[in-house]
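Asks: Got a predicted structure here, sequence first:
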Amino acid sequence: MSKLRVGITTLVSLFASFSVFAETGIDEKINLAVKPFADAVAGFVFSSFSVAGVPIPFVLVWLIVAATIFTFYFKFINLRAFKHGFELVRGDYHDPEAAGEVTHFQALATALSGTVGLGNIAGVAVAVSLGGPGATFWMILAGFLGMSSKFTECTLGVKYRNELPDGTVSGGPMYYLTKGLAEKGVGFAKFGKVLAVLFAIFCVGGSFGGGNMFQANQSFAQLVNVTGGDASWLADKGWLFGLIVAGLVGLVIMGGIKGIARVTSKIVPFMAVVYVTAGVAIILMNYSLVPSAIGAIIDGAFTAEGISGGVIGVLFQGFKRAAFSNEAGVGSAAIAHSAVQTNRPVTEGFVALYEPFVDTVVVCTITALVIIITGTWDPSVDPGAGVQLTSTAFESAFSWFPIVLTVAVILFAFSTMISWSYYGLKSWTFLFGENKFTDATYKLLFLFFVVVGSSMQLGAVIDFSDAMIFAMAFPNLLGCYFLLPVVKKELNEYWDDYKAGRLVKTRVS
Amino acid sequence: MSSVLMVGVDGSTCGERAVEFAARRAKNSGARLYITYIIEWSPFTFSTAMENAERHQRREEEIQRAHSEIVDPIVDRLKAEGLDAEGLVRHGHVADTLNSLAKSKGVVNIILGRQGTSKLKAHVFGSVGSRLVQSAECAVTVVP
């Protein structure tokens, strides 16, 4: 109860501090007002138990255990369906009669644009600076295991999606938790409803946190960084940046200016390619350092000298950043993937395997290698936290890169915000009903948090963002456990057809 | 045995000329006519989650609009002239989709209007006519 009271009072004082709007110190006021609330939420979600003196957050165990169980339950689906997933993305099994509908490629690209972004740039930097190079090892492992979680939730997302009367398609954990569990009996129906409501509440919170404040915060940090750091004119004008970004996001989500979103959705993949290419170039330029970097990653994963919490501490950082980056088990991807055109839900599960793979195993690993090779992760260098660390690492090879990175970061942040505003809105309307008033209320709140996020300091924002996003995994994965047999049935039927050659291949390669 | 002709239309006057040309031939030979409109679409584009959610509905709207504004008026006119005509609307790459549709409908000749595109535009984006001439598995007639 006291936590709730703290939350309410901080929210009230937050609004108060906004109405004052004094010329100086607005950022500081916003930060002071929100921090206690953010800390309280983070403290609750990351409540940990102690193993041999090392605190282990329960939510992390929850994610790892689920991903591992799913991997074994589906007999390493993350590896054995890898090739078939690629064939589906490439369109080998595309039905020509369905031309014009959402393809597997488009569903995957949309989901990826919601996840590839700051987690891959800033999150990895946080993991390596706090956990050392060894965190990378656990991050990659978490990426591989996370593929099985994505497979499960995205299959369910498509299977239990809703086709609304206005012709739009809408899916996600809210729907599979209610509809899927209701199939198991009356008691389960109530249980599913509770889980779905919990998920929707956390998803709204996550859309304000990781999907919004964290994005605004980090893109602003990078902008200040390239315009002169603390001496920059922008340094204490986070609220101003926030207002501008909120205006642009508002144009898209409230004004229905789809052009902006459409342009962003085309530039973002291009920026991702530029980022990956630059990363690979730096790795190739320093190819002689690659073996020692890989050595540091593997050694660091099991020895962890000087890292707080020892090996468990390293593992924690790696898994945490991987989960935050690819969102496997969190349930958000199930919303993005569910609009695909297919009559075999499990096909989208195969395609979804590529999300953690591209996001974590490929992009995060490239970032980590660049940070380790360039030596910027060393605590004695101290180039700053989050995205600044990655920026410094890339700058050491290409002096002009921080500017490219700034553009990339702001665009990634923007597209992630647009994606999360959709996830949050779907959860919000699931809770409060679909009408113009609830719709507008959510969108205004979302824009408000853009400003708040730009004004807060990184620590408080990261803690709050992590907390809300990870909280989504509790109801989501709990429901997934009960729905595993449903996925298995879909998988087995499909896999038999696939192996027996009963599927229509429309493109012979 | 009467033959089957397919006309690719795009709502322009060039498409109209192709229709007139095909209609004259159909009158003489009693051929069946497919009036086809292809909505340019690629399976490998990027879109937002909101767009994906609305995609199914948009697709229906696009097909309906193509029918009501372009294809159906032509088909009705041809039918009124006593010809055997049918309208088709599909999504896809224009030349490739015309080709595969022609194959599945047993078409012997695809008839297109010449596009008035500039050299540069044709060079960058490719022209439907020349692409089709190179890839089609039946005769292609380009009406000037």
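Replies: Okay, I see it.

Asks: right, and the helix or strand after the helix or strand containing residue A:423?
Replies: With elements delineated by DSSP states H and E, residue A:423 resides in helix A:401-432, which encompasses its position. Tracing the chain past helix A:401-432, the next element assigned as helix or strand by DSSP H and E is helix A:436-455.

Asks: which strands and helices sit next to that following helix?
Replies: Under the contact criterion of 3 or more CB pairs under 8 Å, 6 or more residues apart in numbering or on different chains; DSSP states H and E, the helices and strands touching helix A:436-455 comprise helix A:26-45, helix A:186-208, helix A:214-226, helix A:238-253, helix A:401-432. Quick note: C-beta positions are derived from backbone N, CA and C, even for glycine.

Asks: Just the CA atoms of the first one, as CSV, please.
Replies: Coordinates of each C-alpha in helix A:26-45 appear next as CSV, following Å, rounded to 0.1, in the frame of the first residue of the first chain:
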residue,chain,number,x,y,z
ILE,A,26,13.1,21.9,-15.2
ASP,A,27,14.9,18.8,-16.0
GLU,A,28,16.2,18.4,-12.5
LYS,A,29,12.7,19.0,-11.0
ILE,A,30,11.2,16.3,-13.3
ASN,A,31,14.0,13.9,-12.4
LEU,A,32,13.5,14.4,-8.7
ALA,A,33,9.8,14.1,-8.9
VAL,A,34,9.8,10.8,-10.9
LYS,A,35,12.8,9.1,-9.4
PRO,A,36,11.2,7.8,-6.2
PHE,A,37,8.3,6.3,-8.2
ALA,A,38,10.6,4.7,-10.7
ASP,A,39,12.8,3.3,-7.9
ALA,A,40,9.7,1.8,-6.2
VAL,A,41,8.5,0.0,-9.3
ALA,A,42,12.0,-1.2,-10.1
GLY,A,43,12.5,-2.4,-6.6
PHE,A,44,9.3,-4.4,-6.7
VAL,A,45,9.8,-6.1,-10.1
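
Asks: buried sites along that helix?
Replies: Taking 16 or more other CB atoms under 10 Å in any protein chain shown as the basis for neighbour counts, the residues of helix A:26-45 that come out buried are A:26-27, A:29-35, A:37-42, A:45.

Asks: The helix holding residue A:423 to helix A:214-226, inter-axis angle?
Replies: Orientation check (axes from the mean of the first three to the mean of the last three CA atoms, to 10 degrees): helix A:401-432 against helix A:214-226 gives 160 degrees.

Asks: Would helix A:401-432 count as contacting chain B?
Replies: Yes: using CB under 8 Å from any CB of the partner chain as the criterion, contacts between helix A:401-432 and chain B involve A:418-419, A:422-423.

Asks: Now that helix: average pLDDT?
Replies: Helix A:401-432 shows a mean pLDDT of 89.

Asks: how distant is that helix from the center of its chain?
Replies: Relative to the mean C-alpha coordinate of its chain, helix A:401-432 is positioned 10 Å out (CA atoms, centre = their mean, to the nearest Å).

Asks: just the helices and strands packed on helix A:436-455: most buried one?
Replies: With neighbours defined as mean count of other CB atoms under 10 Å in any protein chain shown, these peak in mean count at helix A:214-226, which reaches a mean of 26.

Asks: Tell me the secondary structure at the residue in the stretch 201-350 of chain A positioned nearest to chain B.
Replies: As assessed by CB to the nearest CB, chain B sits closest to residue A:339 within the stretch 201-350 of chain A, at 3.8 Å. In terms of secondary structure, residue A:339 is coil; the call rests on DSSP: H, G, I helix; E, B strand; the rest coil.

Asks: what residues does chain B put near chain A?
Replies: Taking CB under 8 Å from any CB as the criterion, the neighbours of chain A within chain B are B:39, B:41, B:43-57, B:59-60, B:62-63, B:90-92, B:97, B:100.

Asks: make it 6 Å
Replies: Residues of chain B lying close to chain A (CB under 6 Å from any CB of the partner chain) are B:41, B:43-44, B:46-50, B:52-57, B:59, B:91-92.

Asks: Give me the subset of those lying in helices.
Replies: When DSSP state H defines the helices, the subset of the residues of chain B next to chain A inside them is B:49-50, B:52-57, B:59.

Asks: Which of those are buried, as a PyMOL select command?
Replies: The buried residues among those can be selected in PyMOL (16+ other CB under 10 Å) with this line:
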select buried, chain B and resi 49+50+52+53+54+55+56+59
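
Asks: and which of the buried residues of helix A:26-45 is nearest residue A:189?
Replies: Nearest to residue A:189 out of the buried residues of helix A:26-45 is residue A:45 (CB to CB; 27.1 Å).

Asks: The closest one reaches residue A:472, doesn't it?
Replies: No: look at residue A:45 against residue A:472 with CB atoms under 6 Å: they stay out of range, at 10.0 Å.

Asks: distance between the ends of stretch A:228-239?
Replies: Counting by CA to CA, to the nearest Å, you get 18 Å between the two ends of stretch A:228-239.

Asks: Next, format the helices and strands packed on helix A:436-455 as TSV and append distance to residue A:109.
Replies: Shown next, in TSV, are the helices and strands packed on helix A:436-455 (distance: least, CB to CB, whole Å):
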stretch	distance to residue A:109
helix A:26-45	30
helix A:186-208	20
helix A:214-226	19
helix A:238-253	18
helix A:401-432	11
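
Asks: To residue A:149, which of those helices lies closest?
Replies: Taking CB to CB as the criterion, helix A:186-208 is the member of the helices and strands packed on helix A:436-455 that comes nearest to residue A:149, at 14.6 Å.
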